[in-house]
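Engineer: Here is my input; please provide its structure:
(3 chains)
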Amino acid sequence: MPVRTRYLSLLAALLLLILFPLFGSSFYIGLLTRILILALFAMSLDLLIGYTGLVSFGHAAFFGIGGYALAICFQDAVVIHLWQALPLSLISAALAALVVGWISIRTSGIYFIMITLAFAQMFFYFFFESPRYGGDDGIFLFFKPVLMIGAEDILHLDRENNFYYFVLTSLVSSYLFLTMILRAPFGKVITAIKANEHRVLALGYPVNHYKLVSFVIAGTLAGLAGFLEGAHSGYVNPSYMSWHESGIAIAIVVLGGMGTLYGPILGAFIVVLLQDFLPSLTDHWQLLFGGIVISVALFLPHGLTSLLPQIWTLFKARKSSSVINPPESDDD
Amino acid sequence: MELSFYLVQLLNAIQYGFLLFLVASGMTLLFGIMGIINLAHGSFYMIGAYLAYWLTDITGNLWFGILLGLPIALLVGYLVERFAISFLYKRDHLYQVLLTFALILIFNELQQILWGTDVHAVAIPSFLAGSIPLTENQSYPIYRLFISAVCIVLASGMSWVIQKTRLGMMIRAGASNREMVQSLGIDVNRLFALVFSLGVALAAFAGMLASPVDSVYPGMGENVLIISFVVVVIGGTGSIKGAFVGAMLIGLVSTFGKVLLPEMASVMAYALMAIILLWRPQGLFGRRT
Amino acid sequence: MTEIILRTERLNKNFGGLIAANNISLSFERGRVHAIIGPNGAGKTTLINLLSGDLLPSDGTILFKDRDITTLPPHKISQLGIGRSYQKTNIFPTFSCYENCWVAAQSRLKTSMHFFRPAIRLRSVQERAERALDLCGLSHRSACLASAMSYGEQRQLEIGMMLATEPELLLLDEPLAGMGSEESLQVIDLLQRLAKNHTLILIEHDMDAVFAIAEQLTVMVNGRVLETGTVEQIRNSQAVQEVYLGAEEETS
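Structural biologist: Numbers count the residues shown, from 1 in each chain, chains lettered A, B, ... in the order given. Here you go, the predicted model:
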C-alpha cells in the first residue's frame, strides 16, 4: 500500500472523528471519547511493545497514576485548573515510570514481563488497601477541569463536545509526537534495539538509557490517558491499574497491529465495540472475546492492520480488472 | 500468649508458603525448561479448588474429590498444552502472554458456566477437623498442619525426582540449557508435555488442598498467579530451590505483614521483590544470562 | 619499536569449571594485522569477546592505549574506537542494508538522545553510512532488506556496520566464514586496504587468507597462547609445527 494512501486514509479517519459530534448523540460521543482515551493508552504501550521491544505487562500502573494524581490533589477542589492538573498528572506518571523502569530495565525477557506486572500490582494494592485514597471504592471527582486565563473561561470540559475535542487533540498530538521521535535519531536507536539489542550495545550505544527514556515517554503518555479517563468518568479507582487493564492494552496493541501507532487506535475501537456488542449476544461473552484474542495471537500475529496491504491489493486488482476487463482471462 | 500467637502466625506462613511453592514450582519449570510464560497457571489452581468442591459435594469426601479431580485436571492441562501452548514454543513471549491471558478469560467464564458465581466452602475431612490447643485460648487447626506435612512429602519427592531420576536429569539439563536438551536427542515434545502436565497437576493439587482452608470463589486463581510470579522472580527462573526459598519468604512477609503492618501487607511482598532484584536481577538462585 | 595499541596481562576466563582463556598476555602493535589461529575450542572467540567487553574476564587486565578497559561494558569499548564483527551474523534483519549501516554510523554522534530533528537530515551520519557501504562493497544493495540478502552479503554487511563506527582497532571474528571464493577475495582485498590505516586483530581458519594479510600471528591451543610472533617466527616454531601446522600439512 503506498504511503500516500495510508496518510490519506488516516486523514479521512481524522476528518470523520472531527465531524462526528455534528451527527452523533451525546451517548455515542461519550462512547467515542472512551475509545479514544483507550486508544491513546494503547498507543503509548505500542512505543514499548512495537518499537522498543519491551513487553510491559504493567502499563496500567501509569494510567492509574495519571488518574490518581488528578483525583488525590483535586478531590475537594471546586475549580480544577487544567494547567495545574495536567502537568501534575504527567509528572507523577513520568516519575513513577522512571523508578519502575530503572529497576525493570535491568532485566529482560520473561523477567521484564513479570516485574512490570508485579510493580503494577504493588501500586494496585497500595491504593486498594489505603483508606486515605478511598480503598477499592476509589475517589470521585465532581467537577471537570477548566482552562482559564485570568477570570476568562476559555475551555470548559464540562461539555461533552469540548471534552471530546480535547481528547481527540491529545490523541492526535501524541500520535504526531511519537511519529516525530521515531523519525529522530532516538527512534532509530530504539527500533534497532527491538531488532537486535546486543548489536546496538556492541555498536556503542548505552542501550539501557534508551530503553529507560522510551519507558518514561510511554509511561507519561499512559498518565495522560489516565488523566483524561479520570476527568471524563469522574472517578478513579484501583481497577485503573489492575492487571486486566494491562492485559487488555496488550490485546489492543496486538489486535490492531503493533509497531504502527495507528494499529492500536483501530484495536481500541474493535475491543470496546466488542465489549459493548458481545454481551448482547450471550452472558458468557468473555468466552467469545477470549476466543477472538487467541485466534489473533495464533493466526494474525501482526494484527488487523497487517491485512490492510492485502485488502488494498485486492481492491486495486478488482478496480483494474473492472476497468480493463481483459476478455482473454476467461480462456486461461 | 504473645509467643503462641507468633507461633500460630509462623505455622500459617509456612503453610501458605508451601501452597505457593506447589504453584510456583510448576511455573518456574515452565519458564526454565520451556521458556513459556503461562498466565493461565493460576487458573489451574482455581480449577483444582472447584473440582475438589464439586467432587467432594458428589462423593461426600475430600479424598475422593482429590483422587477423581487430579486426572481431570491433568487431562485439561494436557489438552491446553496440545491445542494452545505447543503452538507458542517458538514464538515471542508477547504472544504467550496474550494467549494465556485470553485463556484466563475463557477459564473464568467456563467456571461461571459450570459452577456459578457463588462462594463455596469445602468441609474438612472429619478426622482432620480438630485443633491442637496451644494455650488456653489459642489453638491450631490440624488440617493446616496436614497441608504442610503433605507439602513436605511432595517437596521431598520432587527433590528426589529432580536429583536422582532420568526425568530429573532432563529437567535439570533443560533448565540450565534448553538448546542442549534439544541436541541430546531427547524427545522435546514429550518432555514439554510431561513437564506442563506435572506443573498443572501441582497447581491443581494446591488448589484442592487449599479449598477447605480458603473458600472457593471465582477469580481465586489470579491472586495466587501473580504472587507466584513474584515467588518465581525472587527465586530465579528454572530453580526449584529458588521457588522454595521464594515461596517461604513471601509466605512469611505476607503473613507477618498482615499482622504487623496491615495497611501495607500486600505491597510488602512486591517491595521485597524489588529490593531483591536491585541486588540480584536474575533472582536469588537464577543464572546470570 | 612500534607503539603497542592493545595489551592483555594474564587474562583469564572460566565458565564454571571450564577454563576458556588461560593466562593470556599479548601485545598488539598499532597499524599491524595480527591474526589469531588455533583449532576449534582454542578460546579464540572467547579472547575477542573479552577484548570487546562482551565477556568480563575472571582475572587479568586489558589495556587499550595504556588505559585500563578491563571492566568496561561493550558500548564504552566501542566508543573508544574498538570495533568488532561477529562470527555469527549479527545484523538488524528487519532493516534495510543502508539502515543497518545508518544505525552503526549514528552511534558516533555524541548522543542519539535527539527527539525532534528527523534523523535523515544528519549529513555526517549519512556520509559515514554511505562510506561504509561503499567500502564493504554493498552500495548497490543499499535498499535491500538485510534478511533477504545472501549469506555472503550479510557477512559483508557485518563488516560494513563495524566500519561505519569508524574504529581504530578492528576485531574480526572469522570474517570469511561461509563466504564463496569470490566474496572471500573481495573481503581479503578490503582487509588489505583497511590494514593501511587501521590495526586489525583477526580470527581466521582460512590459512591462505591469514598468510596473505597477517604480519603477526598468535597460535592458541586449549585456552592458552602457544606461540606468538611474526609470521616467519611462527612458521619456524617447533612447537607450532608439532601441534598445529604440522598436523595440517600432513593432512594436505
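
Engineer: Report pLDDT for residue 167.
Structural biologist: Using chain A. What the model reports as pLDDT for A:V167 is 96.

Engineer: nope, chain C
Structural biologist: Model confidence at C:P167 (pLDDT) stands at 94.

Engineer: Now do the SS call for the closest residue to it other than its chain neighbours.
Structural biologist: Leaving aside its sequence neighbours, C:P167 sits nearest to C:G83 (Cβ to Cβ, 6 or more residues apart in numbering or on different chains; 3.1 Å). C-beta: built from backbone N, CA, C; applies to glycine. The three-state assignment at C:G83 reads strand, by DSSP: H, G, I helix; E, B strand; the rest coil.

Engineer: Can you tell me how far C:G83 is from chain B?
Structural biologist: Applying Cβ to the nearest Cβ, to the nearest Å, the value for C:G83 to chain B is 25 Å.

Engineer: mind checking how far A:I149 is from chain C?
Structural biologist: A:I149 sits 28 Å away from chain C, going by Cβ to the nearest Cβ.

Engineer: mind listing what that residue touches?
Structural biologist: By Cβ atoms under 8 Å, 6 or more residues apart in numbering or on different chains, the contact set of A:I149 is empty.

Engineer: swap in B:S211?
Structural biologist: Counting by Cβ under 8 Å, 6+ apart, B:S211 touches B:48-49, B:52-53, B:56, B:62, B:122.

Engineer: What backbone torsions are found at it?
Structural biologist: Note on B:S211: its backbone torsions stand at phi -60, psi -40 [degrees, to the nearest 10].

Engineer: ok, is the helix or strand harbouring B:G69 in contact with chain A or not?
Structural biologist: Per DSSP states H and E: B:G69 is located in helix B:62-83. No - Helix B:62-83 lies out of reach of chain A by Cβ under 8 Å from any Cβ of the partner chain, never closer than 9.9 Å.

Engineer: so how far is A:L201 from the spatially closest residue to C:L72 that is not a sequence neighbour?
Structural biologist: Closest residue in space to C:L72, ignoring its immediate chain neighbours: C:G53 at 5.6 Å, by Cβ to Cβ, 6+ apart. According to Cβ to Cβ, to the nearest Å, C:G53 stands 9 Å off from A:L201.

Engineer: between those two, who's got more neighbours?
Structural biologist: C:G53 (24 against 19; other Cβ atoms under 10 Å in any protein chain shown).

Engineer: what does the stretch 101-250 of chain C have sitting close to chain A?
Structural biologist: Within the stretch 101-250 of chain C, the positions near chain A by Cβ under 8 Å from any Cβ are C:102-104, C:106-109, C:112-120, C:122, C:125, C:161, C:165.

Engineer: Number of residues surrounding the single nearest residue of the stretch 101-250 of chain A relative to chain C?
Structural biologist: Closest to chain C within the stretch 101-250 of chain A is A:G204: 3.3 Å, counting by Cβ to the nearest Cβ. By other Cβ under 10 Å, 22 other residues sit near A:G204.

Engineer: per-residue pLDDT, B:A84?
Structural biologist: Predicted confidence (pLDDT) for B:A84: 86.

Engineer: and it, what does it touch?
Structural biologist: B:A84 neighbours (Cβ under 8 Å, 6+ apart): A:294, B:99-100, B:103.

Engineer: make it 7 Å
Structural biologist: A:294, B:99, B:103 (Cβ atoms under 7 Å, 6 or more residues apart in numbering or on different chains).

Engineer: By neighbours, which of those residues wins?
Structural biologist: Going by other Cβ under 10 Å, B:L99 tops those with 24 neighbours.

Engineer: the inter-axis angle of whichever helix or strand that residue is part of versus helix B:62-83?
Structural biologist: Secondary structure assignment for B:L99, by DSSP H and E: helix B:93-115. Relative orientation of helix B:93-115 and helix B:62-83, computed by axes from the mean of the first three to the mean of the last three Cα atoms, to 10 degrees: 140 degrees.

Engineer: Helix B:93-115 near chain A at all?
Structural biologist: Yes - against chain A, helix B:93-115 shows contacts by Cβ under 7 Å from any Cβ of the partner chain at B:93-95, B:97-99, B:101-103, B:105-106, B:108-109, B:113.

Engineer: quick one: contacts of the helix or strand just after that helix?
Structural biologist: Scanning forward in sequence from helix B:93-115 by DSSP H and E, the next helix or strand is strand B:131-133. Contact with strand B:131-133 is made by B:139-142, as judged by Cβ under 7 Å, 6+ apart.

Engineer: one step back: give the phi and psi angles for the residue nearest to C:L72, as a check.
Structural biologist: Dihedral angles for C:G53 - degrees, to the nearest 10 - are phi 90, psi 0.

Engineer: confidence score at it?
Structural biologist: 93.

Engineer: just checking, it touches C:P74?
Structural biologist: Yes - look at C:G53 against C:P74 with Cβ atoms under 7 Å: they come within range, at 3.9 Å.

Engineer: Chain C contacts on chain A?
Structural biologist: Residues of chain A lying near chain C (Cβ under 7 Å from any Cβ): A:180-181, A:183-186, A:188-189, A:192, A:195-196, A:198-199, A:201-207, A:213.

Engineer: run the last query once more with 8 Å
Structural biologist: So chain A meets chain C at A:180-181, A:183-189, A:191-192, A:195-196, A:198-207, A:209-210, A:213 (Cβ under 8 Å from any Cβ).

Engineer: Tell me where the model's unsure across chain B.
Structural biologist: Low-confidence segments of chain B, defined by pLDDT under 70: B:1, B:175-176, B:178-179, B:287-289.

Engineer: quick check: longest helix of it.
Structural biologist: Using DSSP state H to assign secondary structure, the helix with the most residues in chain B is helix B:2-29.

Engineer: Buried residues in the helix holding B:L99, which are they?
Structural biologist: With burial defined by 16 or more other Cβ atoms under 10 Å in any protein chain shown, the residues of helix B:93-115 counted as buried are B:93-112.

Engineer: And for stretch A:66-73?
Structural biologist: Buried residues in stretch A:66-73, defined by neighbour count with 16+ other Cβ under 10 Å: A:66-72.

Engineer: If you count contacts, what does the longest helix of chain B end up packed against?
Structural biologist: helix B:41-59, helix B:142-164, helix B:188-210, helix B:220-235, helix B:240-260 (3 or more Cβ pairs under 8 Å, 6 or more residues apart in numbering or on different chains; DSSP states H and E).

Engineer: Point out the most buried one among those helices.
Structural biologist: Ranked by mean neighbour count, the helices and strands packed on helix B:2-29 are led by helix B:220-235 with a mean of 26 (mean count of other Cβ atoms under 10 Å in any protein chain shown).

Engineer: and that helix, C-alpha only, in CSV?
Structural biologist: Listed next in CSV are the C-alpha coordinates belonging to helix B:220-235 (Å, rounded to 0.1, in the frame of the first residue of the first chain):
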residue,chain,number,x,y,z
MET,B,220,-9.3,-17.1,43.1
GLY,B,221,-6.5,-18.3,40.8
GLU,B,222,-5.5,-14.8,39.8
ASN,B,223,-4.3,-13.7,43.2
VAL,B,224,-2.3,-16.9,43.5
LEU,B,225,-0.9,-16.5,40.0
ILE,B,226,0.6,-13.0,40.5
ILE,B,227,2.0,-13.8,43.9
SER,B,228,3.5,-16.9,42.4
PHE,B,229,5.1,-14.8,39.7
VAL,B,230,6.8,-12.9,42.5
VAL,B,231,8.0,-16.1,44.0
VAL,B,232,9.5,-17.2,40.7
VAL,B,233,11.1,-13.9,40.1
ILE,B,234,12.6,-13.8,43.6
GLY,B,235,13.9,-17.4,43.3
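
Engineer: any idea of the angle it forms with helix B:240-260?
Structural biologist: 120 degrees.

Engineer: For helix B:220-235, name the packing helices and strands.
Structural biologist: Looks like helix B:220-235 contacts helix A:110-128, helix B:2-29, helix B:41-59, helix B:93-115, helix B:188-210, helix B:240-260, helix B:265-279 (3+ Cβ pairs under 8 Å, 6+ apart).

Engineer: Now with 10 Å, please.
Structural biologist: Judged by 3 or more Cβ pairs under 10 Å, 6 or more residues apart in numbering or on different chains; DSSP states H and E, helix B:220-235 is in contact with helix A:110-128, helix A:243-256, helix B:2-29, helix B:41-59, helix B:93-115, helix B:188-210, helix B:240-260, helix B:265-279.
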